[in-house]
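**Q** the sequence and its predicted three-dimensional model are supplied below.
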Amino acid sequence: MNVNTFTAFKSRNYRLFFAGQSISLLGTWMQKTAVSWVIYSQTHSKFMLGVSVFATLFPSALLTPFGGVFSDRYDRYRVLLLTQVLSMMQAILLTAVVFFKDYAVWEIILLSVVLGLINAFDVPARQSLVYEMVEDKKDLPNALALNSSMVNLSKLIGPAIAGLAIERLGEVVCFGLNAVSFIAVIGSLLLMKLPTYVPKLHTKNILGELVEGFVYVKETPSIRFIIVMLALVSLLVLPFTSLMPVYAKDVFHGTASTFGLLDSAIGLGAFAGAIFLASLKPGANLNKILTINTFVFGTGLILFSYTAWYPLALLFIAIGAFGMMSQITINNTLLQTQAAPAMRGRVISMFVMVYASALPIGSLIVGAISEHVGVEATILGQGMLALGIGVLHLRHLQTNKSRQAVSAASENLTAEVAPPV
């Protein structure tokens, strides 16, 4: 860490947001861990693990573009406040279902669909609002990296707590604590002091603005490349996390605590990656760092795949997660800084849509493949695919260097032949 690590905390609204989200996300990761454990414990099906991920993310993917339009058309603050209240209600219902029913798999999946629908409007509003929370816009990359560190510190701590809570107190405690945790984030939003929202005049309807967002992404090469690469990594590599309960139970012959520690190791590696990104000096070459970390991601998965010694496996999966962190954080930063302000909500919604659709489809594919070839071979294959995506990033990086060199040479030539004024 250095003086650059926490520069975004100079903004009061961002400090409030960070504090409230930190508590809420702790509950969120406890609930995610409990959902995976309950689903696998009650069904003993790797495929149903993929279904549970699909249920949350795919509905979100379908509606996220509309969420992005809402974020650009209406008051993002009020949209976010509403989605957080609805998320709290979903968590309360989930707690009640798990408490009163012995076999609640389909009810959990149904409520996961509800959460996915809420998230379709929540994520674009929340991500876009960060820009408005930060007073000095130069601190935006730092704020986004700190957001990632917050998410991954929660992923580090939440699953470990959840594993202990499941063994000693039962799954319902994890769901109940998540419901309570929303009080923190809702309270932080109510304490914020944001500029008065001024409604904008819209010449197009919602569908027209949605199409406008797709056209903008298609016609902006740098943004298009980011989203295509995210689609590949989300479909082919990131779903490795859905197989962690199988590793805990079948490979390492462990309990809920074993699963919690695996998830925590992923969180630790990702948290370290986020802190590394937050500590970068302004102006750092994010594309180069993304390329290097994609190779780190693939290498970590390959080393983890067939490692039978649990402590060493935790180390390897943490290394992979360190590289994984850049896939979301750097891409998010590049999009937020490159997108036109009026298009930011829609661009972020495309980012979320790609992630939220590719990941659940990938989870279903990975779950089905692992049924036939085994989880170790599946993770090994995902690591090799990550290396291939890293090669694509490297070629893009080299192409950009060549273009910049040609552009600089052209400018120099123009300056040399230009007539004196």
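**A** Received the coordinates, thanks.

**Q** ok, residue 316 to residue 297 distance?
**A** When C-beta to C-beta, to the nearest Å is the yardstick, residue 316 and residue 297 sit 12 Å from each other. No exception for glycine: its C-beta is placed from N, CA and C like everyone else's.

**Q** give me the low-pLDDT residue ranges for the protein?
**A** Low-confidence segments of the chain (pLDDT under 70): 1-4, 198-199, 201-204, 282, 402-421.

**Q** okay, and the residue positioned nearest the centre of it sits in which element?
**A** For the chain, the residue nearest the mean C-alpha position is residue 328 (5.7 Å; C-alpha atoms, centre = their mean). Under the criterion of DSSP states H and E, residue 328 resides in helix 310-338.

**Q** more neighbours: which of residue 316 and residue 297?
**A** A direct count of neighbours by other C-beta atoms under 10 Å for residue 316 and residue 297 places residue 297 higher, at 31 against 21.

**Q** the more buried one against residue 330, yeah?
**A** No: look at residue 297 against residue 330 with C-beta atoms under 8 Å: they stay out of range, at 12.0 Å.

**Q** what about the residue lying closest to residue 117 once chain neighbours are set aside, how many residues nearby?
**A** Distances taken as C-beta to C-beta, 6 or more residues apart in numbering place residue 59 nearest to residue 117, at 5.0 Å, with adjacent residues excluded. By other C-beta under 10 Å, 22 other residues sit near residue 59.

**Q** contact partners for residue 59?
**A** 113, 116, 117, 120 (C-beta atoms under 8 Å, 6 or more residues apart in numbering).

**Q** wait, residue 248 touches residue 264, no?
**A** No: look at residue 248 against residue 264 with C-beta under 8 Å: they stay out of range, at 11.5 Å.

**Q** which positions in stretch 179-189 come out as buried?
**A** 179, 181, 182, 184, 185, 186, 188, 189 (16 or more other C-beta atoms under 10 Å).

**Q** point out the ones among those that are inside helices.
**A** Among those, the ones falling in helices (DSSP state H) are 179, 181, 182, 184, 185, 186, 188, 189.

**Q** kindly reformat those as JSON lines containing distance to residue 359.
**A** Formatted as JSON lines, these follow (distance: C-beta to C-beta, whole Å):
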{"residue": "179", "distance to residue 359": "25"}
{"residue": "181", "distance to residue 359": "24"}
{"residue": "182", "distance to residue 359": "24"}
{"residue": "184", "distance to residue 359": "27"}
{"residue": "185", "distance to residue 359": "23"}
{"residue": "186", "distance to residue 359": "27"}
{"residue": "188", "distance to residue 359": "28"}
{"residue": "189", "distance to residue 359": "27"}
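
**Q** quick one: which of those residues is nearest residue 32?
**A** Sorting those by distance to residue 32 puts residue 181 at the head of the list, at 12.7 Å, by C-beta to C-beta.

**Q** spatially nearest residue to the residue nearest to the centre of the chain, not counting backbone neighbours?
**A** That would be residue 148: by C-beta to C-beta, 6+ apart, it lies 6.8 Å from residue 328.

**Q** name the helices or strands packed onto the helix or strand hosting residue 106?
**A** Element membership of residue 106 [criterion: DSSP H and E] is helix 105-133. Using 3 or more C-beta pairs under 8 Å, 6 or more residues apart in numbering; DSSP states H and E, the elements in contact with helix 105-133 are helix 12-43, helix 46-73, helix 76-100, helix 140-168, helix 310-338, helix 344-373.

**Q** if we go to 7 Å?
**A** Contacts defined by 3 or more C-beta pairs under 7 Å, 6 or more residues apart in numbering; DSSP states H and E place helix 105-133 against helix 12-43, helix 46-73, helix 76-100, helix 140-168, helix 344-373.

**Q** a markdown table for those helices, including distance to residue 395?
**A** Listed next are the helices and strands packed on helix 105-133 as a markdown table, based on distance: least, C-beta to C-beta, whole Å:
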| stretch | distance to residue 395 |
| --- | --- |
| helix 12-43 | 35 |
| helix 46-73 | 28 |
| helix 76-100 | 37 |
| helix 140-168 | 25 |
| helix 344-373 | 21 |
